[in-house]
Structure formats: C-alpha cells, structure tokens
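Visitor: predicted model and sequence below, questions to follow.
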Amino acid sequence: MHNLPDNTRAALSRVHQLSRRDFLKAAGGLTIVASMSTGLFGAAQALADDMPTEIRVMSTSEYAVMHRLMEVALPTTGTSLVPPTSLPVMQTLDAALLEKMSPPLLAGLKEGIAYFNEGPREEYDKSFVELTDAEAVAFCDAWADSNEPPQRALAMGLKKLVGLAYWAHPPTWEPLGYGGPVTERWGLESLGNAPMPLSDESTTPTPQG
C-alpha cells in the first residue's frame, strides 16, 4: 500500500481486525428503523436529503460511496436474504466506526473512501457512485483481484465494513438458519477473546525420576 498515506494504511489494518462482534453492539444500540428504498442512487449530491440524521461520522459523499458499495456488494434480489436497504446498515457502520476508530484512523479511512470513489475514472470516466450496477461490480472485482496492494486493500476492506454492518442485524440470520450467538441463547457470560483453558496434563508438573 505504498501509494496510500500512512494513516489510511493504519485504518485499513484496523478494519481487517474488526469482527461481527464489534458491530453487534453498534446494531443493538440503534433505536431507528430504516425505510425501504429502491432504485439506484446517483451522485453524492443526490443523497444530501436522503442521508439518515443518525449518521455522525460519514460525510454526505462518504455515505454515498458506502451506500453504493452496499448495493452492489450485497445483492439479495431473487434470494431469501433480507434486502440491506430494509435495515439500518449504514447507521450501524457509522456507529461502529465512531466507537472503534480513533480520529487519526477515521481520517485515514475517509481518505481511502475518497481514493476508492475516484478509482474508476481512468477506465470509466466516472466516479464509483456514478457507475451502473454492472460497472460497479466489475470495478470492485477488478480491484479485489488487483496486483496493486492499495486497490486490493481498499476493495476488500470497504466491502468487509458493509458486510459486517449487514450481518450484525439478527433478521439477516434467519434465512441462513443461524440462531444467534450461543452466549445469548444459553445465557452464558461472554469471555471475549480470552485464552482457552489449559488441560490438566499441561498444568501438572512432570514427575522427576
């Protein structure tokens, strides 16, 4: 990622450390209901009046990029999966970033989103939010498979963010037959990433002959 600023590289490294658990809390803290939306959003300016008021981290243009990425990275038409536009995916993403990223990392991520949005101009003469569905999918696939580390890291990192924000919502689990974390179903206390206990054999001193 030698073409990306240091803070953007650091932000993407932080993104790759995030898990769905990091987004569950953000999703659970939302008391809003997302409205159903259909059709293709155009350029960022067209979203100025559509961006939810709960968005606190992303700017209008950043919201436009991430929302467009959500549309093409999470296709659900013709499947039993819950449409992402029926869930507060962007609000969950925004809340998780606010909680999990420091201001310098957020600044780096914002630079990365802008870089990603301008990526298609050389081939399509359009920004990412202006691409058709087919063009946007082709662009994401090309960057995800790119030999250029900045392109690959951004495509994979940003897609991971929208994916985590989507799957953090329990309604998305039912079509997969997933009943949710066992810690909640069985009333167990979550130990987070605590190390596994050692076996008796590993803790018992070996007799000295």
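Guide: Here it is on my side, so go on.
Visitor: show me what whichever helix or strand S61 is part of is packed up against.
Guide: For S61, the element it lies in under DSSP states H and E is helix 60-73. If you count contacts as 3 or more C-beta pairs under 8 Å, 6 or more residues apart in numbering; DSSP states H and E, helix 60-73 packs onto helix 89-100, helix 103-118, helix 133-144, helix 149-167. To be clear about C-beta, it is placed using only N, CA and C from the backbone, and glycine gets the same treatment.
Visitor: against H67, how distant is I55?
Guide: 10 Å (C-beta to C-beta, to the nearest Å).
Visitor: got it, and K126?
Guide: Taking C-beta to C-beta, one finds K126 at 16 Å from H67.
Visitor: more neighbours, those two?
Guide: H67 (23 against 16; other C-beta atoms under 10 Å).
Visitor: was I right to think the more buried one contacts Q91?
Guide: No - between H67 and Q91 there is no contact under C-beta atoms under 8 Å: 11.1 Å.
Visitor: since we're on Y178, how many residues are nearby?
Guide: 11.
Visitor: typo on my end, it should be V82
Guide: By other C-beta under 10 Å, the residues close to V82 number 18.
Visitor: got the contact list for the residue nearest the centre of the chain?
Guide: Centrality entry for the chain: nearest residue to the mean C-alpha point is L161, 1.1 Å, by C-alpha atoms, centre = their mean. By C-beta atoms under 8 Å, 6 or more residues apart in numbering, the contact list for L161 reads V15, L18, M66, L93, L97.
Visitor: number of nearby residues for the second one?
Guide: The one in question is L18. L18: 17 neighbours (other C-beta under 10 Å).
Visitor: tell me, what's the model's pLDDT at it?
Guide: Per-residue confidence (pLDDT) for L18: 76.
Visitor: is it correct that it is in contact with G163?
Guide: No - L18 sits out of contact with G163 when judged by C-beta under 8 Å, with a separation of 10.5 Å.
Visitor: identify the contacts common to I55 and H67.
Guide: By C-beta under 8 Å, 6+ apart, the residues touching both I55 and H67 are M90.
Visitor: poorly predicted segments of this structure, please.
Guide: Scanning the chain for pLDDT under 70 picks out the ranges 1-2, 20, 22, 25-49, 180-209.
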